[in-house]
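Enquirer: structural data only, the sequence is not supplied:
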């Protein structure tokens, strides 16, 4: 049985996505938000390295999985999950009270090239992109997670997206767990599935994205949905009705940057943070009480005078004091202090686990 995790450890995890043996890299996070390398843990599966999972995007080795949520923490902090896109599997770990990981299970993902995991309670869904060998058939597939972190496939849970070759970018549960939203990068759609009591899903209800190439998404506790658009280099906000229809609140608010891909929000939910990978910047958005978005500023992920880090996955610490982003071209993590209720980010550190760059790294979890 898992060691009781009564107090959440202060940790940051990233994934190497290496194609020989994928690994999860752990950092200790001190009271000032700074990171120190702790350990690396094999997933017993393979990543893709710098190989792109799809021909729909440039083969530059940056962001090879094209997804948010390739590394995911359960909401109670007990389990960590990783995709192994190179071996078509997903891995689970138990998180101990001191932040160490204990390998629990590895299972086929229910498709090919898994790239994102979403979890609500003990229900987990993974998105699969597909590959040339199976004609790019894409899907989502469901699992139950038992008390030891083992993954149990749910019969009848595999569902197609809006088209057979739609490329999923994320699996995102609604705050109450009744629906799953899948941004489809290649169709400019947002597919919404209803979650059934037996763990299967029905749908999708197909919504057109307000902008081109929807990518990263994030729900506020109010139910407001934020979605980045890498093709439009913008962020949109939506409300979601009970029947799965999305209503635009702020449509495609431009960052003025390049490759706007990942998004998260401040703990008070007054600000959103979106990474602009090819500019090496993070855009700060003000979120109004109605859900309208306004650009409030930008900050670079790495300081001048060192090689530019391309920020990708981004998360805020659970105490709301610090923001972390993975620089995917380096395998480094940039650390920011969140000031002025979320409107200002002050860079504190660019942390590395080793002298070896994990070019092609993906995924970030902060606790």
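Expert: Nice, I can see it. From a predicted model like this one, the values you see are computed outputs, not experimental measurements. Numbering: from 1, shown residues only.

Enquirer: when you work out contacts or count neighbours from here on, use the C-alpha atoms and nothing else.
Expert: Noted.

Enquirer: where along the stretch 1-150 of the chain do the strands fall?
Expert: For the stretch 1-150 of the chain, the strands defined by DSSP state E, counting those that start in this stretch cover 11-15, 23-29, 35-42, 71-73, 79-84, 89-95, 101-108, 114-120, 123-128, 139-145.

Enquirer: out of these, which is the most enclosed?
Expert: strand 79-84 (a mean of 29; mean count of other Cα atoms under 10 Å).

Enquirer: which strands or helices does it pack on?
Expert: Contacts defined by 3 or more Cα pairs under 8 Å, 6 or more residues apart in numbering; DSSP states H and E place strand 79-84 against strand 71-73, strand 89-95, strand 114-120.

Enquirer: for residue 208, which of the ones you listed is the nearest?
Expert: Residue 208 lies closest to strand 114-120 among those, at 20.8 Å (Cα to Cα).

Enquirer: next, the angle strand 123-128 makes with that closest one.
Expert: Using axes from the mean of the first three to the mean of the last three Cα atoms, to 10 degrees, one finds that strand 114-120 and strand 123-128 are set 160 degrees apart in direction.

Enquirer: let's have the helices and strands packed on strand 79-84 in JSON lines, adding mean pLDDT.
Expert: Shown next, in JSON lines, are those (pLDDT from 0 to 100):
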{"stretch": "strand 71-73", "mean pLDDT": "98"}
{"stretch": "strand 89-95", "mean pLDDT": "98"}
{"stretch": "strand 114-120", "mean pLDDT": "98"}
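
Enquirer: residues making contact with stretch 239-248?
Expert: Applying Cα atoms under 8 Å, 6 or more residues apart in numbering, the contact partners of stretch 239-248 are 179, 192-194, 205-207, 210, 223-225, 236-238, 249.

Enquirer: picking up where we left off before, now the helices and strands packed on strand 79-84 in CSV, with distance to residue 155?
Expert: Below are the helices and strands packed on strand 79-84 laid out as CSV (distance: least, Cα to Cα, whole Å):
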stretch, distance to residue 155
strand 71-73, 23
strand 89-95, 17
strand 114-120, 17
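
Enquirer: of all the ones you listed, which one is nearest residue 309?
Expert: That would be strand 71-73 among these, by Cα to Cα, at 19.8 Å.

Enquirer: just checking: what are the partner strands of the closest one?
Expert: strand 79-84 (antiparallel) (DSSP bridges).

Enquirer: quick check: mean pLDDT of the strand it pairs with?
Expert: Across strand 79-84, pLDDT averages out at 98.

Enquirer: what does it contact?
Expert: Around strand 79-84, the neighbours that count as contacts under Cα under 8 Å, 6+ apart are 15, 17, 22, 43, 45-48, 70-74, 89-95, 113-117, 149.

Enquirer: next one: stretch 176-183
Expert: 120, 168-174, 189-196, 214-217, 244.

Enquirer: count of neighbours near the closest residue to residue 358 other than its chain neighbours?
Expert: Counting by Cα to Cα, 6 or more residues apart in numbering, residue 358 lies nearest to residue 331, which is 4.5 Å off, once chain neighbours are set aside. When neighbours are defined as other Cα atoms under 10 Å, residue 331 has 26 of them.

Enquirer: one more: residue 160?
Expert: 18.

Enquirer: now the nearest residue to it once chain neighbours are set aside: how far from residue 110?
Expert: Ranked by Cα to Cα, 6+ apart and with sequence neighbours excluded, the top spatial neighbour of residue 160 is residue 139, at 4.4 Å. Distance, residue 139 to residue 110, by Cα to Cα, to the nearest Å: 8 Å.

Enquirer: which neighbours do these two share?
Expert: Overlap of the contact sets of residue 139 and residue 110 (by Cα under 8 Å, 6+ apart) consists of 128, 158.

Enquirer: want to throw the strands of the stretch 1-150 of the chain into TSV with distance to residue 279?
Expert: Shown next, in TSV, are these (distance: least, Cα to Cα, whole Å):
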stretch	distance to residue 279
strand 11-15	21
strand 23-29	25
strand 35-42	24
strand 71-73	24
strand 79-84	27
strand 89-95	31
strand 101-108	34
strand 114-120	24
strand 123-128	28
strand 139-145	32
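
Enquirer: wait, which of these is closest to residue 258?
Expert: For the strands of the stretch 1-150 of the chain, the distance to residue 258 is smallest for strand 114-120, at 22.1 Å, taking Cα to Cα.

Enquirer: give me the sheet partners of the closest one and which way each runs.
Expert: strand 123-128 (antiparallel).

Enquirer: look up which residues are beta-bridged to the residue nearest to residue 160.
Expert: Beta-bridge partners, per DSSP bridges, of residue 139: residue 128, residue 160.

Enquirer: thought it was touching residue 125?
Expert: No - the pair formed by residue 139 and residue 125 falls short of the contact definition of Cα atoms under 8 Å, at 10.2 Å.

Enquirer: picking that back up, of the contacts of stretch 176-183, grab the buried ones for ChimeraX.
Expert: In ChimeraX syntax, the buried subset of the contacts of stretch 176-183 is picked out as below (16 or more other Cα atoms under 10 Å):
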select :120,168,169,170,171,172,173,174,189,190,191,192,193,194,195,214,215,216,217,244
